[in-house]
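Asks: Below are the sequence and a predicted model; questions follow.
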Amino acid sequence: LIAKYIKDHCGIEIPQEKSYLIENRLSRLLSDFNLSGFEELYARIAGHRDKDIEEKVIDAITTNETFWFRDQSPWDILENKLLPGYIDEIRKGKRTKVRIWSAACSTGQEPYSTAMCIDNYLTMKGIHDIDSSKFEILATDISNNVLKTARAGQYDNISVMRGLDESYRQKYFTYSGGFWKLSDGIVSAVRFQQFNLLNSALLLGKFDIVFCRYVLIYFSEGLKRNILEKIHTVLEDGGVLFIGNSELMAESHHLFQKVKEDSNIYYIKR
Ligand SMILES: C[S@@+](CC[C@H](N)C(=O)[O-])C[C@H]1O[C@@H](n2cnc3c(N)ncnc32)[C@H](O)[C@@H]1O
């Protein structure tokens, strides 16, 4: 019953043989909320009267593993392929802005990597006529807990080291009180919002780039298809989708065309 609740509520599939995950990840909640057992936990979440406990279940069951510039390839494509094109279009008056959606952003490393990549590109290329405000980055996740960390924009020694180049750390972070704090410019370049991928994405508007990485792997094939359809709908014509490097999408997918540049892969809306 708890597995079904989780699947219905956030799409994550926990097969029978992995039911130990529920026990491992949720048993702490029994003592935190002073519950007699999993039956009582189920009764509390299924009644939908206790939002706090429902949020804690989602926080405990979601895998929030993330790091800076994960896989590197989306940011190589952004820098070498997409940004020069967007900047050219802005200069020619063919577009006014670029909208980017990080659809399961966890603690913020993915959208902040994007914001740093854009800012770094503009400064390194000496581009002064276009600033970062032309790039709107929306970052969403189902878990309020990870969004709290993301909004704070400060990271401990271990998380700041994971995937982050020394040069980026020096340029965009300051160390204070045991934490690495991202610069205000980068923090304010990203807007965070709670959003469940099971819901309609239409109100979020249209996007030129969507990052939907390392989240579809937790969903059933049917749900994965359904979410890819939603992403297709909110992508502008010719818009780009990044999924995780180890995630698979059929070569001849009817919604997206797979593009391979060296060892980098991305998908364009058909
Ligand atoms: C493994 S992290 C991936 C983070 C980042 N995209 C990356 O590649 O490093 C997966 C994230 O998906 C979020 N998530 C799980 N189910 C979701 C849903 N139904 N809607 C939105 N986010 C969800 C989790 O809370 C978690 O933060």
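Replies: All right, it came through fine. Residues are numbered from 1 along each chain as shown.
Asks: which bits of the chain sit near the ligand?
Replies: Proximity of the chain to the ligand (CB under 6 Å from any ligand atom) is limited to residues 10-12, 62-66, 70, 104, 106, 110, 141-143, 146, 196-198, 213-215, 244. Yep, even glycine has a C-beta here, placed from its N, CA and C like the rest.
Asks: and residue 68, that's in a strand?
Replies: No: applying DSSP: H, G, I helix; E, B strand; the rest coil, one finds residue 68 to be coil, outside a strand.
Asks: For residue 91, which residues are in contact?
Replies: Neighbouring residues of residue 91 by CB atoms under 8 Å, 6 or more residues apart in numbering: 129-130.
Asks: Got phi/psi on it?
Replies: Residue 91 adopts backbone torsions of phi -60, psi -40, taken as degrees, to the nearest 10.
Asks: Kindly report the same for the one 4 residues further on.
Replies: Main-chain torsions, residue 95, degrees, to the nearest 10: phi -150, psi 160.
Asks: The ligand versus that one, what's the distance?
Replies: According to CB to the nearest ligand atom, to the nearest Å, residue 95 stands 26 Å off from the ligand.
Asks: Next, count neighbours for that residue.
Replies: 17 (other CB atoms under 10 Å).
Asks: And it, what's its pLDDT?
Replies: The model reports residue 95 with a pLDDT of 96.
Asks: try residue 61
Replies: At residue 61, the pLDDT value in this model is 95.
Asks: which residues does it contact?
Replies: Neighbour list for residue 61: 6, 10, 12, 14, 21-22, 25-26 [criterion: CB under 8 Å, 6+ apart].
Asks: Tell me where the longest helix sits in the protein.
Replies: For the chain, the helix with the greatest residue count under DSSP state H is helix 109-124.
Asks: Report all helices and strands that that helix contacts.
Replies: Contact here means 3 or more CB pairs under 8 Å, 6 or more residues apart in numbering; DSSP states H and E; on that basis helix 109-124 packs against helix 73-77, strand 98-102, strand 135-141, helix 166-172, helix 184-187, strand 190-194, strand 207-211.
Asks: one more time with 7 Å
Replies: strand 98-102, strand 135-141, helix 184-187, strand 190-194 (3 or more CB pairs under 7 Å, 6 or more residues apart in numbering; DSSP states H and E).
Asks: between the last one and helix 109-124, how big is the angle?
Replies: Between the axes of strand 190-194 and helix 109-124, defined by axes from the mean of the first three to the mean of the last three CA atoms, to 10 degrees, the angle is 170 degrees.
Asks: Check the longest one too.
Replies: Between the direction of strand 135-141 and that of helix 109-124, the angle (the same axes, to 10 degrees) works out to 170 degrees.
Asks: which residues make contact with strand 135-141 from outside it?
Replies: Applying CB atoms under 7 Å, 6 or more residues apart in numbering, the contact partners of strand 135-141 are 97-106, 108, 111, 114-115, 118, 147, 150, 189-195, 204.
Asks: switch to 6 Å and redo it
Replies: For strand 135-141, contacts defined as CB atoms under 6 Å, 6 or more residues apart in numbering pick out 97-102, 104-105, 111, 114-115, 118, 147, 189-193, 195.
Asks: Filter the residues you listed down to the buried ones.
Replies: Burial by neighbour count, 16 or more other CB atoms under 10 Å: within the contacts of strand 135-141 this picks out 98-102, 104-105, 111, 114-115, 118, 147, 189-190, 192, 195.
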